[in-house]
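1. quick one, structure for this:
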Amino acid sequence: MAEIGWGQLQAYEAYGRAGDKKEDYDIVSYKEALSDKYSTFKHASHSMLFARNDAILWDLYTCRGAVLMQMRFDGLLGFPGGLVDPGEHPLQSANRELEEEIGLDLTKCQLSDSDHVVSFVNKNKKLVLHFYGKEVTLSLFQEIELGNLKAPDYGSETLGIIRPPLFTMGDGYRGLPAFLSNSFAGNARQEFLIGLQHYKLLSESEIQEAVKSWLTFQIQNENSSS
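-> Numbers count the residues shown, from 1 in each chain. Model (predicted):
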């Protein structure tokens, strides 16, 4: 399939690659990210919608919350969002992408500048990423899930939404650590973990334990395959 090439995607191919390293992305303030310093860089916006959920699964695991992520057209996991159009503010882009990719009714839920979580700069790619988040009620979250099938981009740019598990199961790996083993677009994994801590869906120590378990399993799996 590689012989087919990238066609009209060639100009954007580098932006959402899997396997980007955390150290390639520097965290900067929202003000700096929007400044003239990065006016020649490409900008992209992504958003994390979530609802708190204290339901107990099998009398064992507390759900903690429902976070909306999605399978992208390229087989990678990420958040609703994409590149900012020329002349468009990153916030406008974030709301537009939510309409297009998950069919969000902006009269019921709309992002504002106060929903900004973190911005990143990748100087090698000349790319600035803006990450937003919004808490909604569980009933609205479920409504958004049901409406996703009618989103304009469903079945083309996006291939379905998912809820990541926010608990670790008894073997210390399945659940959140296993979810982290998936392939993510760009730094979506880092955005996810920052979002969990920012909104206190999980504690810093819980996140660190999950990351440690994921990395330990990854190393063991690589060693067993060699």
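
2. for this protein, give me the ranges with low pLDDT.
-> Scanning the chain for pLDDT under 70 picks out 1-2, 6, 8-15, 17, 222-226.

3. centre-most residue in it?
-> The centroid of the chain falls nearest to F79 when counting by CA atoms, centre = their mean (3.4 Å).

4. is the closest residue to it other than its chain neighbours in a bridge, and if so with what?
-> Leaving out its chain neighbours, the residue that sits closest to F79 by CB to CB, 6 or more residues apart in numbering is H46, at 4.1 Å. C-beta: built from backbone N, CA, C; applies to glycine. For H46, the beta-bridge partners under DSSP bridges are G81, F131.

5. and G147, what does it touch?
-> Contacts for G147 (CB atoms under 8 Å, 6 or more residues apart in numbering) come out as 102-105.

6. next, the closest residue to D113 other than its chain neighbours: secondary structure please.
-> Spatially, and ignoring its direct neighbours in sequence, D113 is nearest to L91 (6.0 Å; CB to CB, 6+ apart). Assigned with DSSP: H, G, I helix; E, B strand; the rest coil, L91 falls in the helix class.

7. from what I can see L91 touches L106, true?
-> No - if you go by CB atoms under 8 Å, L91 and L106 don't touch, sitting 11.9 Å apart.

8. on that earlier part again, put the buried members of the contacts of G147 into a PyMOL selection.
-> In PyMOL, a selection of the buried entries from those looks like this (16 or more other CB atoms under 10 Å):
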select buried, resi 102+103+104
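
9. the contacts of G147 in strands, which ones?
-> Using DSSP state E to define strands, no part of those is located there.

10. which of the contacts of G147 lies closest to M71?
-> Lowest distance from M71 to the contacts of G147 (CB to CB) belongs to I102, with 12.1 Å.

11. follow-up on the earlier one: just send the contacts of G147 back as a markdown table, with distance to M169 too.
-> Shown next, in a markdown table, are these (distance: CB to CB, whole Å):
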| residue | distance to M169 |
| --- | --- |
| I102 | 28 |
| G103 | 32 |
| L104 | 31 |
| D105 | 35 |
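
12. which of the contacts of G147 fall within helices?
-> Counted as lying in helices by DSSP state H, out of these, are I102.

13. tell me which element the nearest residue to D26 once chain neighbours are set aside falls in.
-> For D26, ignoring the flanking residues on the chain, the nearest one in space by CB to CB, 6+ apart is V121 at 5.0 Å. Per DSSP states H and E, V121 falls inside strand 116-122.

14. ok, how many other residues are close to the closest residue to D115 other than its chain neighbours?
-> Spatial nearest neighbour of D115, chain neighbours left out: Y132 (4.7 Å); criterion: CB to CB, 6+ apart. For Y132, the neighbour count with other CB atoms under 10 Å is 29.
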